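1. Sequence first, predicted coordinates after that:
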Amino acid sequence: MKVTTREAITIFAAALLCSCGSCGPGSGAIPVGGDQDNEVELTDCPSGQIPVGTTVTIGVKVREDRGRVASVDVTPFSTFTVTQSPTGAHQANLHVTPLAAGEVELIISVLTDQGTELAGRCDFIAFDTHGACCRGTLCAVTSAEACTADGGAFSGSGTTCSETDCRVGACCHSNGTCTLANEDDCQEEGDSYAGLLTTCDEVFCEPAGVTGACCQGTNCASTVESQCPPDSGYFLASETCDAIICAAGACCTREGGCAILPEQQCVAPSTFLGVGELCTSEACKPPVGACCIGTICAETSEAECAGAYLGDGETCTSNLCNTITLSLAYDDEVVVDTEAGGMRVTWTGPIEFPVQLIWTPISGEQCPLGPTNCMGLSISVITTSTAIEWPQAPSCSSEGLSVEELPIEASYQLQLIDSAGRRSNIVETPFTCLPAL
């Protein structure tokens, strides 16, 4: 008995349909009469997509107590044949060949020798391997194999001649690449059209721009700058390979940056790694040293240091980030009533700016000149420099003094405090006040 399309739809309106992959025992199609027992097992229902024209085999098996397979039908169908399986009359193989692309929903009807009608369902997608094939300026829909064998250009599966332009040629782009395009599309983008039916294998597309020498290590090539890879070479505009010698390598900056340069262009503080050396992730690691953030010490690069960087190669030792050292130079002999030669104060250590320099006279017998002549009030200077010229260096006045009292010795103390509250060592500045010549 052959089941029509209308009858098959009626069957599945009252039955649970079996989809691909779930048609094994216990989940088969429902018989026409409404019996909820599983009656049909479908195997090898295609998964995913299959090409148009490909024959797939679906196994159809009925429960033994429902009888033997008398006939199998499918709706809708493209082409199919039914053969009895050699393992027994309770199963058959259904061979289905889709002839058109699209979603395929097969409703499979089984008639047993007991007159029972059973049904199942198998869904898959058929896709068309044929597409537009350009032979010269003419177009035809063929398979990819047939198109290539006939010397044509295949546009892809599922393409049509209505959407395919066969009047194309090689189109050279500004970066030196080539694609096939029609003349209008190619020139609309400002590119160069090589002519109708030309191919990219037949033309050489020269990149736009000024031609020069591209050095990669000791190798040289004549090209434009866009074609000279910056990570492994450098470009010399308008130069020829006959006129130059390529001797470039990785040039590392202090911050860890890298560029391929000739040795003569890699100047201090950058470091030249050698001819032919490339810029790798490990090539230009910046030097590290001690970095003080407050009183905490870490070994980082100068660029990564968020505090005071103490120099390349410095390591974090005990109490390093608490030590500020002052040094100074000054005239230790001063003639009364003359300007002193000045004082230069410098300091080193983990300093956070601004800093405060305090110059305090030492009272008592060590300061016999008295508050006025000894500048009894402390002097404080705030600066962001790492050194300071102090014009008010030790000085003295003859006011209230007799010549017999000279020379007189006096002394001051100098200390630095930074913005983090760290204090430097205290430096004493003894000097002698001499009589006038």
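-> Nice, I can see it. Keep in mind the model is a prediction, meaning the values are calculated, not measured.
2. hey, let's count contacts and neighbours off CA atoms from now on
-> Fine.
3. what's around Glu404, how many residues?
-> 7 (other CA atoms under 10 Å).
4. Could you list the low-pLDDT ranges of the protein?
-> Where the chain drops to pLDDT under 70, the residues are 1-38, 76-88, 339-342, 363-379, 390-403.
5. which residues in it form helices?
-> For the chain, the helices defined by DSSP state H occupy 5-13, 144-149, 183-188, 370-373.
6. List the contacts of Phe272.
-> Residues in contact with Phe272 (CA atoms under 8 Å, 6 or more residues apart in numbering) are 249-252, 263, 266.
7. was I right about Glu409 contacting Pro435?
-> No: contact between Glu409 and Pro435 fails when scored by CA atoms under 8 Å: they sit 11.9 Å apart.
8. joint contacts of these two?
-> Residues touching both Glu409 and Pro435 (CA under 8 Å, 6+ apart): there are none.
9. neighbours of Ala140, just the number please.
-> Neighbour tally, Ala140, other CA under 10 Å: 17.
10. how near is it to Ala126?
-> To Ala126, Ala140 is 21 Å away according to CA to CA, to the nearest Å.
11. What about Leu414, how many residues nearby?
-> Neighbours of Leu414 (other CA under 10 Å): 22.
12. Same question for Cys147.
-> Counted with other CA under 10 Å, Cys147 comes out at 21.
13. What separation do you get for it and Ala140?
-> For Cys147, the distance to Ala140 - CA to CA - is 9 Å.
14. Could you name every residue contacting both of those two?
-> Residues touching both Cys147 and Ala140 (CA under 8 Å, 6+ apart): 133-134.
15. Tell me who's in contact with Cys205.
-> 172-173, 176-178.
16. wait, Trp347 sits on Thr323?
-> No: contact criterion CA under 8 Å: Trp347 and Thr323 do not qualify, at 10.5 Å.
17. ok, back up a step: which ones among the contacts of Phe272 lie within strands?
-> 249-252 (DSSP state E).
18. now, among those residues, which is nearest to Glu39?
-> Nearest to Glu39 among the ones in strands among the contacts of Phe272: Ala250, at 76.0 Å, using CA to CA.
19. wait, doesn't the closest one sit right on Ser281?
-> No: taking contacts as CA under 8 Å, Ala250 lies outside contact range of Ser281: 11.5 Å.
20. Tell me which of these two has more neighbours.
-> Using other CA under 10 Å as the criterion, Ala250 and Ser281 rank with Ala250 on top: 29 against 10.
21. Who does the more buried one form a beta bridge with?
-> Ile260 (DSSP bridges).
22. do the same with Asn219
-> Bridge pairing for Asn219 - DSSP bridges - gives Gln216.
23. ok, it touching Ile244?
-> No: Asn219 is not in contact with Ile244 according to CA under 8 Å; the separation is 10.7 Å.
24. Just give the closest residue to Leu196, not the sequence neighbours.
-> Once flanking residues are discounted, Leu196 sits nearest to Gly169: 4.6 Å by CA to CA, 6 or more residues apart in numbering.
25. no wait, Val381
-> In space, Val381 is closest to Leu357, 5.2 Å off (CA to CA, 6+ apart).
26. what's the burial count for that neighbour?
-> Each residue near Leu357 was counted by other CA under 10 Å, and the total is 19.
27. Against Ile351, how distant is it?
-> From Leu357 across to Ile351, the span is 13 Å (CA to CA).
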